[in-house]
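Participant: Here you go, sequence then predicted model.
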Amino acid sequence: MEVYPDQAFLEYLVKSLVDHPEEVVVDRKVDERGVLLTLKVNPADMGQVVGRQGMTAKSIRSLLRIVGIKHNARVNLKIEEPEGGRRYNPEQAQFESAPVQEAAE
C-alpha cells in the first residue's frame, strides 16, 4: 500500500500529539472534490487532537491545506468520532460550566 505525502504528514503529526500513537489510523480517499483524509484515534486522545474550541484541529487542517497546495491537491480532513464519543455543543458547555445559583429568599 502506497503512503502519500499528505497521509504520512498527518500520521506523523497526530502520533506526535497523542498518548496512544499505535491506535492512530489515517485513511485516504480521492474523489471529484479532492483528497479526503479520515483520522481515527483512541477516544481518550480526541481532546488532544481537537484541542480547545477546535483550535488544534483547525491548525492541522491549515497545515494539510499547505501540503496539498504543494502537491496540487485539495486536502480535507475528517476526524471520526469514536464510539460513545461526545460532540462539542457550545450551548451545553455554557450551561454545564455555569454554577447553579439558588434563589435568595
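Facilitator: That came in fine, so what should we check first? Residues are numbered from 1 along each chain as shown.
Participant: Return the helix or strand in this protein with minimum mean pLDDT.
Facilitator: helix 90-97 (a mean of 43; mean pLDDT, DSSP states H and E).
Participant: the helices in the protein, which residues?
Facilitator: 5-17, 46-50, 55-70, 90-97 (DSSP state H).
Participant: Throw those into a markdown table and include mean neighbour count, thanks.
Facilitator: C-beta coordinates here come from the backbone N, C-alpha and C atoms, glycine included. Shown next, in a markdown table, are the helices of the chain (neighbours: other CB atoms under 10 Å):
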| stretch | mean neighbour count |
| --- | --- |
| helix 5-17 | 17 |
| helix 46-50 | 16 |
| helix 55-70 | 15 |
| helix 90-97 | 9 |
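Participant: looking at these, which is closest to residue 30?
Facilitator: Of all those, helix 5-17 sits nearest to residue 30, with 10.6 Å by CB to CB.
Participant: Using PDB, write down the CA coordinates of that closest one.
Facilitator: Output of helix 5-17 as PDB, limited to C-alpha atoms (Å, rounded to 0.1, in the frame of the first residue of the first chain):
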ATOM      1  CA  PRO A   5       2.900  12.700   1.500                       C
ATOM      2  CA  ASP A   6      -0.300  14.200   2.900                       C
ATOM      3  CA  GLN A   7      -1.200  10.900   4.600                       C
ATOM      4  CA  ALA A   8       2.300  10.400   6.000                       C
ATOM      5  CA  PHE A   9       2.400  14.000   7.300                       C
ATOM      6  CA  LEU A  10      -0.900  13.700   9.100                       C
ATOM      7  CA  GLU A  11       0.000  10.400  10.600                       C
ATOM      8  CA  TYR A  12       3.400  11.700  11.900                       C
ATOM      9  CA  LEU A  13       1.800  14.900  13.300                       C
ATOM     10  CA  VAL A  14      -1.000  13.200  15.100                       C
ATOM     11  CA  LYS A  15       1.200  10.400  16.500                       C
ATOM     12  CA  SER A  16       3.400  13.200  18.000                       C
ATOM     13  CA  LEU A  17       0.300  14.700  19.800                       C
END
